[in-house]
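Novice: what follows is a predicted protein model with its sequence.
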2 protein chains.
Amino acid sequence: MGDKQLHLGLFLMGSGHHIASWRHPDVDSDQVTSFRYFAEIAKKAEAGKLDMLFLSDGLSFHELSHPAELSRFEPVSLLSALAVVTNKIGLASTVTTTYNEPFHVARKFLSLDHLSEGRAGWNVVTSYYESEAKNFSKSEHLAHQDRYIRAKEFLDVVNGLWDSWEPDALVRNKEQGIYFEKEKLHRIHHKGTYFSVEGPLNIARSPQGKPVIIQAGSSDAGVNLAAKSADIIFTAQDNLADAKAFYQRVKDKVQTYGRDPDHVKIMPGVSVYVGNTRAEAVEKYEQLQRLITPEVGKNLLSEYLGGFDISPYSVDGPLPEIPETNGNKSRRALLIKLAEEKQLTIRELYQYVAGSRGHRLIFGTAEEIADDLENWLHEDGADGFNLMLPSFPNSLDDFVDQVIPVLQERGIYRKDYTASTLRAHLGLPEPVYKSPILNNQR
Amino acid sequence: MGDKQLHLGLFLMGSGHHIASWRHPDVDSDQVTSFRYFAEIAKKAEAGKLDMLFLSDGLSFHELSHPAELSRFEPVSLLSALAVVTNKIGLASTVTTTYNEPFHVARKFLSLDHLSEGRAGWNVVTSYYESEAKNFSKSEHLAHQDRYIRAKEFLDVVNGLWDSWEPDALVRNKEQGIYFEKEKLHRIHHKGTYFSVEGPLNIARSPQGKPVIIQAGSSDAGVNLAAKSADIIFTAQDNLADAKAFYQRVKDKVQTYGRDPDHVKIMPGVSVYVGNTRAEAVEKYEQLQRLITPEVGKNLLSEYLGGFDISPYSVDGPLPEIPETNGNKSRRALLIKLAEEKQLTIRELYQYVAGSRGHRLIFGTAEEIADDLENWLHEDGADGFNLMLPSFPNSLDDFVDQVIPVLQERGIYRKDYTASTLRAHLGLPEPVYKSPILNNQR
């Protein structure tokens, strides 16, 4: 346990994780439509030796949720461009299985893996916004259970396509005029409930063997899918006791699938405020909280509660009874539990959500932040963290310049990269090549 | 007519347009899976002040067609990475309307337009390979006519989504906490035969107003769609007389749609061999022709004839009767006509196809090449050319170092870029903003 190493991903959404980040005096409110902004963030994260940069995504527009999310680059295109200005850091993104085709997704991530020479990661999600269905010719959304069935099949097809080229299929023998060996490219002949895909893919096997698979979701269906197929699990954990229980539950489940628990990294989200004193760190948070307009806060809360409209209720009253919806179940449940346990008003709850977006908040000096992260690491609450920093570039500068050196001094974080693929940063083995036909028959 | 300026696009597929290019002694056979290769080509094309770099694409794998096409980057991701290493050159790619969703495609190209600061172009095609259907859960391909109906609707939806943000929708008023003006974002409420799309798009209006639209296809359906909506038309024209007739037919058709004929640029494909003498240029061609294996040549021909299997026929005999298929009609017809007119054997025809892929071949000194291109320009056979250079990087070096200076001296080609968007390079006006709702009701 003494040599357990911390892994860190930088979650990058808009101008920062805090909903009012774009209004912060040190933030350029125009930055999210500029490639230069993303390039600077990626380079700074690489200077901090982070495992990866991670982009969230969505396929619709929410008038009142997160202003800086309104205009978003297509994430794999953006990561492809960022691959050019970085050398080591992993590059990962959310892409939904609900409104995509596995052939396109398999290809996009292999393409990114080639462009970045082995740094690609895919966060496999199901879509939960009704508004996304309406952009993809669907009158209604798939039910929660069906989205997971589709996601599982989607992932099987993608894995099959990633195995459709053997590693040494391209021989390129100029003398004999033989470009590739036919018997080393495989059709996958997939015929399932949602997809029929013949293959092979039209891009060679990935430098990483396969791009890294990330999953989130704490529902039973989510945990099962992740334990079977993920390399990294993102999760929202509010306190160490719950985090430890989740960690143990997932690692046990991973073993029931015959996998090594060390090969699945559990990374809870955490929003970090660093100051020269704890009071200064808290004031950084309060400064952003004061910038939230009530309209934005209430609407974000409605969205997080699965679309239930909270606007008619008094901001200083308690949360009303929230009916079941077809949305993201674990996030909704977390918020209802939090409001009950801490007896929060609607205003307090939306302030909490707007500040952290359902993830844990920590405040303190660099030493205090390092203490917290190290404690979770050693107590088996986490293998690392998905850093949901409040605003860019200032909170990333704080973290990289102040917290990273402390983690390095303590010997729980790399002083420099020792490898150049995301898989290797995470200490994961390269996948052994398996014929996609055999996979399919399994 | 004296000041008519030439426009040049560089068509980039694998190691070069010639099917045996990867075997050329000056070509690195591994280059097509390397970003560095594409970066060098893009920078050289920009040094030659070309209007744009253009990537072909496909969504399946053809065992025996073009070896260097087997492994292909996802094109919009690749262009996004190339946007970082270039500043002026336009960046365009084929993306099919047959196996994509308009929301994804609209977003990808706006994303590229932002990343490149206004240099994106989309070549709108329909898919004609049965093998592509099988990668997208379709048991059979849409009929030719239906593919065009779908393409037209697809393009309407994409245009609507591109108009779903007014140019000044993002106000980002920090003081008042107003990020955008609600009334300047529009749902498009599209409900059609193939698609229902609500919108708005989740990315701000493009720096170019809209990315440049490219179309090919010489069938009536293809010409109609292009005349109505394209900025550039790619075409295969074998001789000046036919090219002039096509040029006139398209420009007339453009006018019937109420558009300015100067705002649609007609760019035939041309494969160019440059030498210090004409004989040296021809020898460069023959050198590549000798590298074609008969198996590759015959299979490419089968593919170009819409999947009709030519392998049982003698290579030294004539082309048999070729039945109608559901494939690319104009290319098939061009080849049958060519074989008849020039009395070609199968071997001669596949050699022609393998060398030119159905496009015109020209050989000569830089002066002779410039004469040819200038003649087509002034005779109204073309507004420019889509350069299908045989092998990279050597034929691009020849063209940029030898032919471009001659074109510049003659005053028919830019000596330097005078603008930084693709639309401006082409001399096209910025699109006037139109409400997508009004477009939809038209």
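Specialist: Happy to help now that I have it.

Novice: relative to chain B, how far out is A:Gly355?
Specialist: Per C-beta to the nearest C-beta, to the nearest Å, A:Gly355 is found 16 Å from chain B. Using the backbone N, CA and C atoms, a C-beta is placed for each residue, glycine as well.

Novice: A:Pro320 reaches A:Pro312, doesn't it?
Specialist: No. Shown here, A:Pro320 and A:Pro312 do not form a contact pair, counting by C-beta atoms under 8 Å, at 9.2 Å.

Novice: which one's more surrounded, these two?
Specialist: A:Pro320 (12 against 7; other C-beta atoms under 10 Å in any protein chain shown).

Novice: right, and A:Leu91 touches A:Met52 too?
Specialist: Yes. Using C-beta under 8 Å, A:Leu91 is in contact with A:Met52, at 6.6 Å.

Novice: what do these two both touch?
Specialist: A:119, A:121, A:422 (C-beta atoms under 8 Å, 6 or more residues apart in numbering or on different chains).

Novice: hey, what's the second one bridged with?
Specialist: Applying DSSP bridges to A:Gly121 gives these bridge partners: A:Ala92, A:Val212.

Novice: that one: what's it in contact with?
Specialist: By C-beta under 8 Å, 6+ apart, the neighbours of A:Gly121 are A:52, A:54, A:90-93, A:211-214, A:231-232, A:422.

Novice: repeat that for 10 Å
Specialist: A:9, A:51-54, A:79, A:90-93, A:109, A:112-113, A:208, A:211-214, A:231-232, A:422-423, A:426 (C-beta atoms under 10 Å, 6 or more residues apart in numbering or on different chains).

Novice: in helices only, show me these.
Specialist: Under the assignment DSSP state H, the contacts of A:Gly121 contribute A:79, A:109, A:112-113, A:422-423 to helices.

Novice: in JSON lines: those residues, plus pLDDT.
Specialist: Listed next are the ones in helices among the contacts of A:Gly121 as JSON lines, based on pLDDT from 0 to 100:
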{"residue": "A:Leu79", "pLDDT": "98"}
{"residue": "A:Phe109", "pLDDT": "98"}
{"residue": "A:Leu112", "pLDDT": "98"}
{"residue": "A:Asp113", "pLDDT": "98"}
{"residue": "A:Leu422", "pLDDT": "98"}
{"residue": "A:Arg423", "pLDDT": "98"}
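
Novice: quick one: which of those residues is nearest to B:Lys182?
Specialist: A:Leu79 (30.6 Å; C-beta to C-beta).

Novice: now do the contacts for the nearest residue to that closest one once chain neighbours are set aside.
Specialist: With sequence-adjacent residues excluded and distances taken as C-beta to C-beta, 6 or more residues apart in numbering or on different chains, A:Leu79 is closest to A:Leu91, at 4.3 Å. Counting by C-beta under 10 Å, 6+ apart, A:Leu91 makes contact with A:42, A:52-55, A:75-76, A:78-80, A:82-83, A:112-113, A:115-116, A:119-121, A:211-212, A:422.

Novice: one more time with 7 Å
Specialist: Going by C-beta atoms under 7 Å, 6 or more residues apart in numbering or on different chains, A:Leu91 touches A:52-53, A:79, A:82-83, A:112, A:116, A:119-121.

Novice: what's the average pLDDT for stretch A:261-281?
Specialist: What stretch A:261-281 shows for mean pLDDT is 97.

Novice: how far off centre is it?
Specialist: 15 Å (C-alpha atoms, centre = their mean, to the nearest Å).

Novice: point me to the residue of the stretch 151-300 of chain A nearest chain B.
Specialist: The minimum distance from the stretch 151-300 of chain A to chain B, using C-beta to the nearest C-beta, falls at A:Tyr179 (3.3 Å).

Novice: correct me if wrong: that residue contacts A:Leu185.
Specialist: No. Taking C-beta atoms under 7 Å as the definition, A:Tyr179 is not a contact partner of A:Leu185, at 11.1 Å.

Novice: more neighbours: which of these two?
Specialist: Using other C-beta under 10 Å, the more surrounded residue of A:Tyr179 and A:Leu185 is A:Tyr179, with 24 against 19.

Novice: helix, strand or coil for that one?
Specialist: Recorded secondary structure, A:Tyr179: strand (DSSP: H, G, I helix; E, B strand; the rest coil).

Novice: so what pLDDT did it get?
Specialist: Per-residue confidence (pLDDT) for A:Tyr179: 90.

Novice: for it, what are its contacts?
Specialist: A:172, B:22, B:67, B:70.

Novice: interface residues of the stretch 201-350 of chain A facing chain B?
Specialist: A:202-204, A:293 (C-beta under 7 Å from any C-beta of the partner chain).

Novice: how does it look with 10 Å?
Specialist: Contact residues, the stretch 201-350 of chain A versus chain B (C-beta under 10 Å from any C-beta of the partner chain): A:201-205, A:207, A:291-293, A:295-296.

Novice: closest one of the residues you listed to B:Asn239?
Specialist: Distances from B:Asn239 to these, taken by C-beta to C-beta, are shortest for A:Asn202, at 34.0 Å.

Novice: can you tell me, leaving aside adjacent residues, what's nearest to that closest one?
Specialist: Leaving out its chain neighbours, the residue that sits closest to A:Asn202 by C-beta to C-beta, 6+ apart is B:Phe61, at 4.8 Å.

Novice: who touches the closest residue to A:Pro431 other than its chain neighbours in this structure?
Specialist: Closest residue to A:Pro431 apart from its sequence neighbours, by C-beta to C-beta, 6+ apart: A:Gly209 at 4.0 Å. Contacts here follow C-beta under 10 Å, 6+ apart; on that basis A:Gly209 touches A:113, A:118, A:162-163, A:167, A:421, A:423, A:428-433.

Novice: now A:Leu349
Specialist: By C-beta under 10 Å, 6+ apart, the contact set of A:Leu349 is A:297-298, A:301, A:304-305, A:310, A:315, A:318-319, A:335-336, A:338-339, A:342.

Novice: which ones among the contacts of A:Tyr179 are found in strands?
Specialist: In this view, the contacts of A:Tyr179 that belong to strands under DSSP state E are A:Arg172.

Novice: what subset of the contacts of A:Tyr179 is buried?
Specialist: Listed as buried from those are A:172, B:22, B:67, B:70; burial here means 16 or more other C-beta atoms under 10 Å in any protein chain shown.

Novice: now, which of those residues sits nearest B:Asn386?
Specialist: B:Trp22 (21.2 Å).

Novice: my guess is that closest one meets B:Met13, correct?
Specialist: No. Counting by C-beta atoms under 10 Å, B:Trp22 sits too far from B:Met13 to count as a contact (11.4 Å).

Novice: what sits in contact with each of the two?
Specialist: Common neighbours of B:Trp22 and B:Met13 (C-beta under 10 Å, 6+ apart) are B:32, B:66, B:68, B:392.

Novice: which of those tops the neighbour count?
Specialist: Neighbour-wise, the shared contacts of B:Trp22 and B:Met13 (other C-beta under 10 Å) top out at B:Phe392, 29 neighbours.
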